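Engineer: task: produce atomic coordinates for the following.
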Amino acid sequence: MSDKNRSEINFLVELDENRIPEKLYWTAKDGGIELEESKAIMLSVWDSKVKESMRIDLWTKDMPVDEMKIFFHQTLVAMSDTFHRATGDEKMAATMKDFCEYFAEKLELTK
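Structural biologist: Residues are numbered from 1 along each chain as shown. This is a model prediction of the structure:
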């Protein structure tokens, strides 16, 4: 496979002496992103051999809890959109959106 048919996304994690993330950076050169700092990363990878998802969830020790709540809410909304695009299941996507609204309401994220 030639390089023009490949794209890389990389994560760099700086750890403290206890191996707790202090800094997170990501690079996606095709998207014009290089060593962009982030406070949290959630990554899911599907292993089709064992029909199981593998996850990497990292956040820096200075990630504010209020921002983590917003991050989770936005991730859930994005997952419902992705679920709809991937499956075409409008009914379940709407149910997921309803939960996202409930989640935001209970965490008082709505204005």
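
Engineer: and the helix or strand Phe99 falls within, which residues are buried?
Structural biologist: Element membership of Phe99 [criterion: DSSP states H and E] is helix 90-106. Within helix 90-106, the residues scored as buried using 16 or more other Cβ atoms under 10 Å are 93, 96-97, 100, 104. Where you see a C-beta, it was placed from the backbone N, CA and C, and this is true even at glycine.

Engineer: and the residue most central in space within the chain, what helix or strand is that in?
Structural biologist: Residue closest to the mean C-alpha point of the chain, counted by Cα atoms, centre = their mean, is Met42 at 3.8 Å. Secondary structure assignment for Met42, by DSSP H and E: strand 40-47.

Engineer: can you list the strands that that strand pairs with?
Structural biologist: When sheet partners are counted by DSSP bridges, strand 40-47 sits next to strand 52-59 (antiparallel).

Engineer: what residues of the strand holding Met42 count as buried?
Structural biologist: Using 16+ other Cβ under 10 Å as the test for burial, strand 40-47 gives 40-41.

Engineer: alpha carbons only: can I get it in PDB?
Structural biologist: Extracted in PDB, the C-alpha atoms of strand 40-47 (Å, rounded to 0.1, in the frame of the first residue of the first chain):
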ATOM      1  CA  ALA A  40      -9.000  14.000  27.600                       C
ATOM      2  CA  ILE A  41      -9.000  11.300  25.000                       C
ATOM      3  CA  MET A  42     -11.600   8.400  24.600                       C
ATOM      4  CA  LEU A  43     -10.800   5.900  22.000                       C
ATOM      5  CA  SER A  44     -12.700   2.700  21.100                       C
ATOM      6  CA  VAL A  45     -11.400   0.000  18.800                       C
ATOM      7  CA  TRP A  46     -13.400  -2.900  17.600                       C
ATOM      8  CA  ASP A  47     -11.800  -6.400  17.600                       C
END
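
Engineer: ok, residues contacting stretch 21-31?
Structural biologist: 7-16, 33-41, 58-62 (Cβ atoms under 8 Å, 6 or more residues apart in numbering).

Engineer: recalculate using a threshold of 7 Å.
Structural biologist: 7-16, 33-39, 41, 58-61 (Cβ atoms under 7 Å, 6 or more residues apart in numbering).
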